[in-house]
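**Q** Mind looking at a prediction? Sequence and model below.
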Amino acid sequence: MLAGTTLLITGGSRGIGAATARAAHREGATVVIHYGSQAAAARRLADELGERALVVGGDLTDPAETERIWAEAVELAGGIDVLVNNAGAWIASPLDDDAAWHSGWATALALNLTAAADLSRRAIQHFRTRGGGIIVNLASRSSHRGDDADHLAYGAAKGGLLALSRGIARGFAGENILAYAVAPSWVATELAADGLDEEAAAALPMGEPVPPAEVAETIAFLASGRARHATGATIDITGADYVR
């Protein structure tokens with residue numbers, strides 16, 4: 001399904017990113033696994049996958065580093081066909097703490113939205129030289145409903161990511177540049193372990209958070225180009241926790 005295709009997956013060292021790297025690699029893709037702080041995990045994953053697995057590291061909250069990450073990924077792989085903007089974090093922005101409010105907004109927007117926009121810009125420019133390409137953005141149910149009072153910045157950033165996806169789809173479909181968003185609920189990753197206790201997990205309609213592999217399989221399908229006319233769409237993967 002993905003033979004001959006190269007994916008750059010940000011935040012690819014663990015969680016949804018690692019599951020996506022495994023799913024895409026299984027389908028024949030070359031995967032460029034980006035990491036922020038988890039260098040050892042990224043290299044272990046690349047060793048596990050073997051051939052067609054490359055690694056690039058860097059801080060996506062730094063615009064200069066983001067530019068370098070893109071350039072290095074293109075150089076390593078010889079070109080990118082699919083950008084998966086997966087990297088993100090549930091960063092608090094508490095209302096009554098001035099310092100935490102401002103730093104929370106700055107970091108949440110930089111990591112969850114601005115980096116994806118900067119990479120998407122470079123991807124679009126690159127795809128124009130290759131006859132097209134695909135961008136998949138990892139949004140959230142918070143994109144639709146907002147997040148809790150301590151994570152207003154996270155919800156706003158993820159909402160912006162949907163607008164970014166739709167704008168790219170509308171603006172560049174005629175150049176065979178496609179964009180999708182995937183919006184999970186709680187996913188069984190380190191983030192869920194930190195923020196979702198057993199009682200809350202049991203209250204989910206399916207009694208459990210979403211398995212990362214289910215999100216990864218959806219991303220791999222979208223990356224295949226087999227749903228071209230779904231460009232601009234958002235795929236919700238919530239186990240009926242949030243239904244639109």
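**A** On my side now, so go ahead.
**Q** Show me where the chain has its strands.
**A** 6-9, 30-35, 53-57, 82-85, 133-138, 177-184, 234-237 (DSSP state E).
**Q** Show me what the first one is packed against.
**A** Using 3 or more CB pairs under 8 Å, 6 or more residues apart in numbering; DSSP states H and E as the contact criterion, the neighbours of strand 6-9 among helices and strands are helix 15-26, strand 30-35, helix 63-77, strand 82-85. (C-beta placed from N, C-alpha, C; glycine too.)
**Q** Contacts only, for the residue nearest to T10 when sequence neighbours are not counted.
**A** Residue nearest to T10 in three dimensions, not counting chain neighbours: A87, with 3.8 Å by CB to CB, 6 or more residues apart in numbering. Contacts for A87 (CB atoms under 8 Å, 6 or more residues apart in numbering) come out as T10, G11, G17, H34, G36, L60, L111, A115.
**Q** 10 Å instead?
**A** A87 makes contact with 9-13, 15-17, 34-36, 60-61, 69, 111-112, 115-116, 119, 138, according to CB atoms under 10 Å, 6 or more residues apart in numbering.
**Q** Buried only: go through those for me.
**A** For the contacts of A87, a burial check counting by 16 or more other CB atoms under 10 Å picks out 9-13, 15-17, 34-36, 60-61, 69, 111-112, 115-116, 119, 138.
**Q** Residue ranges in the chain under the pLDDT threshold?
**A** 191-196 (pLDDT under 70).
**Q** please redo it, this time with the cut-off set to 90
**A** In the predicted model of the chain, residues 186, 188-204, 207-209 satisfy pLDDT under 90.
**Q** how about the residue most central in space within it, what does it touch?
**A** Compute the mean C-alpha point of the chain, and by CA atoms, centre = their mean the closest residue is N86, 1.6 Å away. Residues near N86 by CB under 10 Å, 6+ apart: 8-12, 15-21, 34, 116, 136-138, 182, 215-216, 219.
**Q** Kindly recompute the last result at 8 Å.
**A** I9, T10, G11, G12, I16, G17, T20, L138, I219 are the contacts of N86 under CB under 8 Å, 6+ apart.
**Q** Adding distance to A77, write the residues you listed out as JSON lines.
**A** Formatted as JSON lines, the contacts of N86 follow (distance: CB to CB, whole Å):
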{"residue": "I9", "distance to A77": "12"}
{"residue": "T10", "distance to A77": "14"}
{"residue": "G11", "distance to A77": "17"}
{"residue": "G12", "distance to A77": "13"}
{"residue": "I16", "distance to A77": "21"}
{"residue": "G17", "distance to A77": "16"}
{"residue": "T20", "distance to A77": "16"}
{"residue": "L138", "distance to A77": "20"}
{"residue": "I219", "distance to A77": "18"}
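**Q** Closest one of these to G132?
**A** I219 (17.8 Å; CB to CB).
**Q** Next, count neighbours for the closest one.
**A** 28 (other CB atoms under 10 Å).
**Q** pretty sure it contacts A181?
**A** No - proximity of I219 to A181 does not meet the contact threshold set by CB atoms under 8 Å, at 10.5 Å.
**Q** All good on my end, thank you.
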